[in-house]
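[1] Okay, here's the prediction I keep looking at, along with the sequence it came from:
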Amino acid sequence: PGFWLVVSKTMADEEEPPARDEEQERTSSMSKIQHPPETDRNPCKIPDLLFAIAWLASVLAMVVIAFEYGWDGVGSKARNESHKKKEKFEGMMKIFIVGFLFAAAVAQLVLHVMMRFGGFMIHAGLFAIEALLVFFAVLCGEYSRWFFSVFFAVCAVLAMLFHYFARHRIAFTAATLHVACDMVLHYPMLQAIAFVGVIAAVGFFFIFVLATYGFYRWEKRKDPSERALVVPVLIFAAIFLWTQQVFRYITIATTAGTAQSWWYGRLPSLKMHPAIDALARNSTYNLGSICFGALFVAIIETLVVSVNYVKRKAQEYPGGCCVSCCLSCVTCCLGCCAAFLDYMNAFAFVYVGIHGYSYLYAGRQVVELFAAHGLTAIGNDYFASVLFLVQSLAIAVISSMFGVYLVEFGPNSWSKGVSNKEIIAALVCGVGGYCISTVVFSLIDGANKATLVLFAENPHVLEHNHPDDFQRLSKVWTLLGNELKEDEDEQKA
């Protein structure tokens, strides 16, 4: 027994140091990620903290207005007006609520399908577009519409050539989507967080509607003119758009922070789940950075709404067609600026979720990323973004159709006596479905971007923790002409 005791102690002493070294190596790597120099230099994140305070104050003000004026206005209107009008309002609200819940369920279903099939959906979508173009070319030829037949045939050939020459970039996007799906499937809590984001987005949409309606009734008593309501309604719209962007960016940053835990092999524990930990950081410490970046996009989107209002008013006057045309160009330019800034913000908040950077420092890291791997990042994100956009529009259309279905085949008491009920239900349910789907697809979008960022920074950690995913990514990474970053520990050795 003494002999075997000595042997077991010797074997334990020989095996214990490597395990301790490996744990120390992983801990040191995680500490480097979680405590970067920039965060230590500016722990309070000034001026990001000021934007978080401003956003919380604006949201609180809108909630107070909604319940002080909107809810009271709805109640007084219901009391003062006839019982039939009260039933109309309550019935349409039921249609909106059921339509939004349906959109949330469809978005979750599409999310599960995307997670399980990954990049295959990109190839399937491209093949479907090519087949559709060929079908239109043949159909136009059958009816002797040769001009359109040649046009669709040329488009089909160009689509096939694009599909062929972009096959390596599509393969890399497919690989990153596969890894992103692995991340999301490894932490099912992310799906619950996305669903909470959907509920928050829907709830704030109703708060925005109530606040706008209540303030409209209150201001209408003092000044019946429409001009007095333009500025307050635009302010409400800006707060609403700002809040929607904040919810979306919180989801992206939370997914990126959870992806970091998956990348470094951090398993869920009873003490703190990685997804909940990331959500807590991005809802508190990183909230200022998220509100800072979301404000710029909200301002541009509010300017678009303002220009569209002026454009509609200009058409009512003689000679307003020229002004309306110029304003359309301005709207297009503002829309492009908003799309570009939103695209850069998505990468910036990946850095915020992973490293805890401030917004300005994260933007600097995005510029360095695009300077080193710009084409790879754009190509990878292009196909994924198109896929997300198509699915968001599809959910919006399905939600609109479901709203019309509820009006036509639902209970008659829900829409009885309402004028233009089909149009109202289709518009409200469609807009709500699109907003809900954009929040849900931020889950996969954040994981996909985080995969690119983490692989560019430290691919060898993935090789140690997830060798199959490393082989899948590194194979396509080298085909694109990129070189793997060398391991820092091997360089020191």
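    Arrived safely. In this text, all values refer to a predicted model and were calculated from it rather than measured experimentally.
[2] shaky segments in this structure?
    1-44, 70-91, 115-116, 118-119, 222-228, 267-271, 319, 415-418, 479-493 (pLDDT under 70).
[3] at 50 what do you get?
    Along the chain, the parts satisfying pLDDT under 50 run over 1-35, 78, 489-493.
[4] Point to the residue nearest the middle of it.
    Among the residues of the chain, the one closest to the centroid is residue 442, at 3.0 Å (CA atoms, centre = their mean).
[5] what's near enough to touch the nearest residue to that residue once chain neighbours are set aside?
    Among residues not flanking residue 442 along the chain, residue 251 sits closest, at 4.1 Å (CB to CB, 6 or more residues apart in numbering). For glycine as for every other residue, the C-beta is placed from the backbone atoms N, C-alpha and C. Neighbouring residues of residue 251 by CB atoms under 8 Å, 6 or more residues apart in numbering: 193, 194, 197, 439, 442, 443, 446.
[6] wait, the second one sits on residue 444?
    If I follow you right, that is residue 194. No. Using CB atoms under 8 Å, residue 194 is not in contact with residue 444; the gap is 9.4 Å.
[7] how far is the top helix by length along the chain from where the chain is centred?
    Counting by DSSP state H, the longest helix found in the chain is helix 359-409. On the basis of CA atoms, centre = their mean, to the nearest Å, helix 359-409 is displaced by 7 Å from the centre of the chain it belongs to.
[8] Same question for stretch 103-116.
    That offset, for stretch 103-116, works out to 14 Å (CA atoms, centre = their mean).
[9] neighbours around residue 365, how many?
    Neighbour count for residue 365, taken as other CB atoms under 10 Å: 21.
[10] Now intersect the contacts of residue 251 with the strands, please.
    The strands, defined by DSSP state E, take in nothing from those.
[11] Return the member of these nearest to residue 276.
    residue 193 (8.0 Å; CB to CB).
[12] what residues are up against that closest one?
    251, 254, 275, 279, 443.
[13] Pull the most distant pair out of those.
    Across the contacts of residue 193 (CB to CB), the longest gap, 12.0 Å, separates 279 and 443.
[14] before we move on, the earlier item: pipe the contacts of residue 193 into CSV and attach secondary structure and distance to residue 461 per row.
    Putting those into CSV (DSSP: H, G, I helix; E, B strand; the rest coil; distance: CB to CB, whole Å) gives the following:
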residue, secondary structure, distance to residue 461
251, helix, 24
254, helix, 20
275, helix, 19
279, helix, 23
443, helix, 22
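[15] Mind telling me what element the nearest residue to residue 363 once chain neighbours are set aside is part of?
    Using CB to CB, 6+ apart and skipping the chain neighbours, the partner closest in space to residue 363 is residue 348 (5.1 Å). Element membership for residue 348, per DSSP states H and E: helix 320-355.
[16] Return the set of buried residues in that helix.
    324, 327, 331, 334, 338, 341-342, 344-355 (16 or more other CB atoms under 10 Å).
[17] same check, this time on stretch 185-193
    So, applying 16+ other CB under 10 Å, buried residues of stretch 185-193: 186, 187, 189, 190, 191, 193.
[18] and if you look at stretch 397-406?
    For stretch 397-406, by 16+ other CB under 10 Å, it's 398, 399, 400, 401, 402, 403, 404, 406.
[19] In CSV, list those along with distance to residue 316.
    CSV is the format used below for the buried residues of stretch 397-406 (distance: CB to CB, whole Å):
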residue, distance to residue 316
398, 35
399, 32
400, 29
401, 33
402, 35
403, 30
404, 31
406, 35
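[20] ok, now which ones touch residue 287?
    Contacts of residue 287 (CB under 8 Å, 6+ apart): 52, 55, 250.
[21] gap between residue 374 and residue 314?
    Relative to residue 314, residue 374 is positioned 40 Å away (criterion: CB to CB, to the nearest Å).
[22] Could you check which of these two is surrounded by more residues?
    residue 314 (17 against 11).
[23] these two touch, right, the more buried one and residue 320?
    Yes. At 3.9 Å, residue 314 counts as touching residue 320 under the criterion of CB under 8 Å.
[24] I'd like to know which of the buried residues of stretch 397-406 is nearest to residue 103.
    So of those, ranked by how close each gets to residue 103 (CB to CB), first place is residue 399, at 4.2 Å.
[25] Spatially nearest residue to the closest one, not counting backbone neighbours?
    residue 433 (2.8 Å).
[26] For that neighbour, which three-state class applies?
    helix (DSSP: H, G, I helix; E, B strand; the rest coil).
[27] Please enumerate the strands of the stretch 151-300 of the chain.
    Assigned by DSSP state E, counting those that start in this stretch, the stretch 151-300 of the chain shows no strands.
[28] shared neighbours of residue 314 and residue 320, anything?
    Common neighbours of residue 314 and residue 320 are not found (criterion: CB under 8 Å, 6+ apart).
[29] ok, back up a step: can I get the buried residues of stretch 185-193 in CSV with distance to residue 139?
    What follows is these, written out as CSV (distance: CB to CB, whole Å):
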residue, distance to residue 139
186, 46
187, 47
189, 48
190, 44
191, 41
193, 46
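[30] Next step: these restricted to helices.
    Among those, the members that lie in helices (by DSSP H) are 186, 189, 190, 191, 193.
[31] of the residues you listed, closest to residue 366?
    Comparing those against residue 366 with CB to CB places residue 190 closest, at 22.9 Å.
[32] Going by neighbour count, which residues in the helix or strand that contains residue 60 are buried?
    Counting by DSSP H and E, the element that carries residue 60 is helix 48-65. Buried positions in helix 48-65, judged by neighbour count with 16+ other CB under 10 Å: 48, 49, 51, 52, 55, 58, 59, 62, 63, 65.
[33] Repeat that for stretch 172-185.
    Buried, per 16+ other CB under 10 Å, within stretch 172-185: 172-184.
[34] Pull the residues that contact it.
    Here stretch 172-185 has contacts from 114-116, 118-120, 122-123, 190-191, 255, 258-259, 262, 376, 379-380, 382-384, 443-444, 447-448, 450-452, 455, 466, 469, 472-473, 475-477, 479-480, using CB under 8 Å, 6+ apart.
[35] so how far is it off the chain centroid?
    16 Å.
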